[in-house]
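**Q** Here is the input, now give the coordinates:
(one chain, ligands or ions: 1)
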Amino acid sequence: MLDGRRGGIGKGRYQVTKEQFAEMLNGREYGSEITRDESRQAKEEGFVVVFGASDDLVEFRGAIDYEDGCYDGGVVYLSKGGPFIHECGDNDCPHAAREREKCAKLKAVWCGGYSDASWTYETNIPHATFNIYEYGERYCVGIVFELAALGEERSGEDGQEKINHRRNG
Ligand SMILES: [Zn+2]
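**A** The predicted model follows:
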């Protein structure tokens, strides 16, 4: 993951900005949003790339590599360690609510009113956008944000150290 860089991902040394990275992806076709090499580059730069697939999936590439179901839209909760997963495995568990509040929210919107695109995203995380097309029509307005823009992962109420989701390799 570190590839010889000091300080880990998301701590400066950007060779490109998130806006430039988004511009590189802009205009691509559904199914060819980002190459494996570009995903690796995004990870090295500390960028998270988000776009939609089918009518029920939100895809994350780069510093977060993840796929989540969001049929008819949904919210993904994110911390620096990646997607929030409550320790008992059930994000709707009452104990999860307070932890969830500390996370950044990314709302996946299916066929939102303000856009012609099938998938758009609403979030307070500073981001740049790019358009993905299918058969000449805009399918998705994807986003690129910096992993460093997400909140710190906190310790649980009982003082238990939370799992560091940072992956190696
Ligand atoms: Zn629980």
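
**Q** helix, strand or coil for Ile34?
**A** coil (DSSP: H, G, I helix; E, B strand; the rest coil).

**Q** Show me the helices in this protein, by range?
**A** Listed in chain order, the helices of the chain (DSSP state H) span 18-25, 36-45, 96-101.

**Q** Let me have those helices in JSON lines, extended by distance to Ala117 and mean neighbour count.
**A** The way it works is simple: take the backbone N, C-alpha and C, and place the C-beta from them, glycine included. Shown next, in JSON lines, are the helices of the chain (distance: least, CB to CB, whole Å; neighbours: other CB atoms under 10 Å):
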{"stretch": "helix 18-25", "distance to Ala117": "14", "mean neighbour count": "18"}
{"stretch": "helix 36-45", "distance to Ala117": "21", "mean neighbour count": "17"}
{"stretch": "helix 96-101", "distance to Ala117": "27", "mean neighbour count": "14"}
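
**Q** Tell me which of those lies nearest to the ion.
**A** Nearest to the ion, of all the helices of the chain, is helix 96-101, at 5.6 Å by CB to the ion.

**Q** possible to save the helices of the chain as TSV with mean pLDDT and distance to the ion?
**A** Listed next are the helices of the chain as TSV, based on pLDDT from 0 to 100; distance: least, CB to the ion, whole Å:
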stretch	mean pLDDT	distance to the ion
helix 18-25	97	34
helix 36-45	95	30
helix 96-101	85	6
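
**Q** so which of those helices gets nearest Ser118?
**A** helix 18-25 (16.9 Å; CB to CB).

**Q** who does that closest one touch, helix- and strand-wise?
**A** Counting contacts by 3 or more CB pairs under 8 Å, 6 or more residues apart in numbering; DSSP states H and E, helix 18-25 is packed against helix 36-45, strand 47-53, strand 127-134, strand 137-146.
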